[in-house]
Structure formats: C-alpha cells, structure tokens
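Enquirer: any chance you could fold what I've pasted below:
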Amino acid sequence: METARDAVLDYAMGIVRLLPGQAAVTSAVLQGPPAALLGRIPQLVRGFAGERTDGGALFCAAAGISGGSAGARKDAGVDDGRGCVLVQSLPALSRETAGSPMASRAGRLTEAADWLHWELAERPDLPEGAVAERLAARYALCYAGAAILWLWRAGGADRAEWAYEAVDVVLEALEDPAVGVPDVPAVLDLISG
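Expert: Numbering: from 1, shown residues only. Below is the predicted model of the structure:
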C-alpha cells in the first residue's frame, strides 16, 4: 500500500508536470533549504491572500489526468511568481468540502495555513536557524495537508479512511507544539506511517 508520503511526492510531481512554473517553489517546499522557501515570503503571503491557484490543474494532477506535455509549454522551468498554488488553494478547497466528512479537517488546515501566512507577513527579516527550519516545516505540513485533501477529493471513497488519518497526523503536528516537527525531512517521515 502506498504511504501518504509517497502519494504527496507523486502528486507534487504531477503538479510540476501540469504547472511547470511551480517547480521552483515545490522544490523549495519539499527539499529546502529553508531559505529557498522563506526567501519567497512576499510571493507566498500575497498568493495566499489572493487565493492565486489553478484548481483545474490541481484536480487533474490528483486524479492522474495528464493534461499535456510540460515541455511544450512556454513557461516550462520558469518560476511563475504565483507563490505555492497548492497551499493557496486551501481556502477554496475548504469551502468546497462544506458538508462533507472532511469539512472540519479542511477548515482547521486552512486556519493553520492562514495563521502561518500571517506570521510570515509579520516578520521584518528573513528567519534563520531553528526558527527557519520550523517555519519551513510548518509550510511543508500545510503543503502535505493540501495535497492529501486534493487526493481525497479526486479519489473519493477509495481514499477516504487513508486521507482522514493522514490529514489528522498533519493537523496534530500543526496544532500541537509538543509534536515539534523540526524540519522538512521530519514532515515527510511523519506522513510515511
């Protein structure tokens, strides 16, 4: 059986195939170093506030629908400057899950992402050291949670139990400081279970 970690990483590659302008931010989120992600704070904050996203491509990537060759696109390999469309999709995705068994989880994840973006916006300087590692880890948790929500949305009942458990793990790490996910590799380890 595929782990949540494998599903998130496969989904991330699907996003990059459909939205090649997201390659740099996806790499920054999942591979670091923290400065690669946190150096984008203005883009991330503006993008989240404006809900700059591409729901069609995110759904296609989650459903495994190809959508064409990235190599033929004019923006292949160029940072599109939109921030991280996956995390930025959380508010809309949360609204779309209303009335479903995932609604409460999506709402809590969106609230955690909103708080994180607010915290990032309030920082006058680029964080360093352990603070940077923890902020990058929290962003990666939001990314993983958003990926799991999209996979659940595209997979429906086939992914329901798996997705509920995986989002619960992400939420526990975001909401409970005692869990203390110190860095991005720890996020990926956390969702491997």
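Enquirer: so residue 35 is in contact with residue 126, correct?
Expert: Yes. With contact defined as CB atoms under 8 Å, residue 35 reaches residue 126; the gap is 6.9 Å. For every residue, glycine as well, the C-beta is placed using N, CA and C.
Enquirer: show the average pLDDT along stretch 111-122.
Expert: What stretch 111-122 shows for mean pLDDT is 94.
Enquirer: what comes up buried for it?
Expert: Residues 111-114, 116-117, 120 are the ones in stretch 111-122 that count as buried (16 or more other CB atoms under 10 Å).
Enquirer: leaving out the residues flanking it, which one is nearest to the most centrally placed residue in the chain?
Expert: In the chain, the residue lying closest to the centroid (CA atoms, centre = their mean) is residue 143, at 1.5 Å. Excluding the flanking residues, the one nearest residue 143 by CB to CB, 6 or more residues apart in numbering is residue 29, at 5.0 Å.
Enquirer: how close does that neighbour sit to residue 22?
Expert: Per CB to CB, to the nearest Å, residue 29 is found 10 Å from residue 22.
Enquirer: same question, residue 3
Expert: Residue 3 sits 23 Å away from residue 22 when distances are taken as CB to CB.
Enquirer: what about those two, which has more around it?
Expert: Comparing residue 3 with residue 22 by other CB atoms under 10 Å, the one with more neighbours is residue 22, at 25 against 14.
Enquirer: residues contacting that one?
Expert: Counting by CB atoms under 8 Å, 6 or more residues apart in numbering, residue 22 touches 15-16, 80, 82, 84-86.
Enquirer: these in strands, which ones?
Expert: Within the contacts of residue 22, no residue falls in strands by DSSP state E.
Enquirer: nearest to residue 60, out of those residues: which one, please.
Expert: residue 15 (9.3 Å; CB to CB).
Enquirer: need the contact list for the closest one.
Expert: Residue 15 makes contact with 22, 26, 57-58, 61, 85-86 under the criterion CB under 8 Å, 6+ apart.
Enquirer: okay, residue 178: pLDDT?
Expert: 69.
Enquirer: swap in the one 3 residues further on?
Expert: Here the pLDDT value assigned to residue 181 is 72.
Enquirer: what number of residues lie near it?
Expert: Neighbourhood size, residue 181 [other CB under 10 Å]: 22.
Enquirer: kindly provide the distance from it to residue 43.
Expert: Between residue 181 and residue 43 the computed distance is 23 Å (CB to CB).
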